[in-house]
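# Next come a sequence and a model predicted from it.
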Amino acid sequence: MGCDDRKKIYRGDALLIEARNRAGEDARGLAGRDQGTKSKKTKKEGMRKKMRRRLMVMLGVAGLAVFAGRFAVHATHAEGHAKNAFTPDAIQWVGAPPQLPAGAQLTVLEGEPEANSGDYTVRLKMPSGYRIAPHWHPNRENVTVLSGTFRVGMGDSFDTAKMGAFPAGSFAYLDPDMHHYAMTEGEVVVQVHGASPFQINYVHPDDDPSRRK
């Protein structure tokens, strides 16, 4: 083997070693890049989690602030409209109108019952044994029994055998022109609301207490 051939072999081995070294460096470079990429991804995920946590905290604080603001608004609204709310001790009772039998008391909570339009809410307090003869109303009557037992019957004649008993917590509505009558068992308080005007038309005119005066 000549010198030239040996030189070629040596050169080939050197090139092979150099190629291997470059391959190793490239592999290490790729591995480093992968690790760098993973590290960057890990950092990004960590930052995203932190941002999410901060956002959740901010949203929670904002929600509490909104709730507190609404509560404050409602409280202010209630204070500013104290005349539109009544506690039991603040309700003032007066004698019932002449269209009702004597002995009952009435309070107007809302509106004007005798007006030609609008809404009204009244309460009627009646002693035990109080009776209201058969009558009807031009507008729907909505009745809630607040205390006692309110007995109601339907028809043109007062018949205790045909009356139903409605204890406290009961509710009923009577459409216009429905003839009905009522009486109490113990002291009874009812709340009536509807559209004005509130009128009582007796089936038998002689039953109208206002005509007897």
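Structure received.
# For the rest of this, base every contact and every neighbour count on C-alpha atoms.
Noted.
# per the record, what domains does the protein have?
As assigned by automatic domain parsing, the chain contains the domains 1-83, 88-212.
# which SS class is the residue nearest to residue 163 when sequence neighbours are not counted?
Closest residue to residue 163 apart from its sequence neighbours, by CA to CA, 6 or more residues apart in numbering: residue 153 at 4.2 Å. The three-state assignment at residue 153 reads strand, by DSSP: H, G, I helix; E, B strand; the rest coil.
# Could you shift the numbering so residue one becomes 312, and keep it that way?
From this message on, residue numbering opens at 312, which makes the last subject residue 464.
# Any idea what residue 464 is bridged to?
Bridge pairing for residue 464 (DSSP bridges) gives the partners residue 492.
# quick one, what contacts it?
In this structure, residue 464 makes contact with 470, 471, 473, 474, 475, 491, 492, 493, judged by CA atoms under 8 Å, 6 or more residues apart in numbering.
# any idea which of these is closest to residue 430?
For the contacts of residue 464, the closest approach to residue 430 (CA to CA) belongs to residue 491, at 22.2 Å.
# and that closest one, what is it in contact with?
Per CA under 8 Å, 6+ apart, neighbours of residue 491: 444, 445, 446, 447, 463, 464, 465, 466, 467.
# any idea what sits nearest it, other than its immediate chain neighbours?
residue 465 (4.3 Å).
# and that neighbour, how many neighbours?
17 (other CA atoms under 10 Å).
# How far does stretch 501-516 stretch from one end to the other?
End-to-end distance for stretch 501-516: 25 Å, by CA to CA, to the nearest Å.
# Name the residues of it that come out as buried.
Within stretch 501-516, the residues that count as buried by 16 or more other CA atoms under 10 Å are 501, 502, 503, 504, 505, 506, 507, 508, 509, 512, 513, 514.
# and the helix or strand harbouring the fifth one, what's its mean pLDDT?
Taking DSSP states H and E as the criterion, the element that holds residue 505 is strand 491-506. Over the span of strand 491-506, the pLDDT mean works out to 98.
# cool, and stretch 467-480?
Here the average pLDDT along stretch 467-480 is 98.
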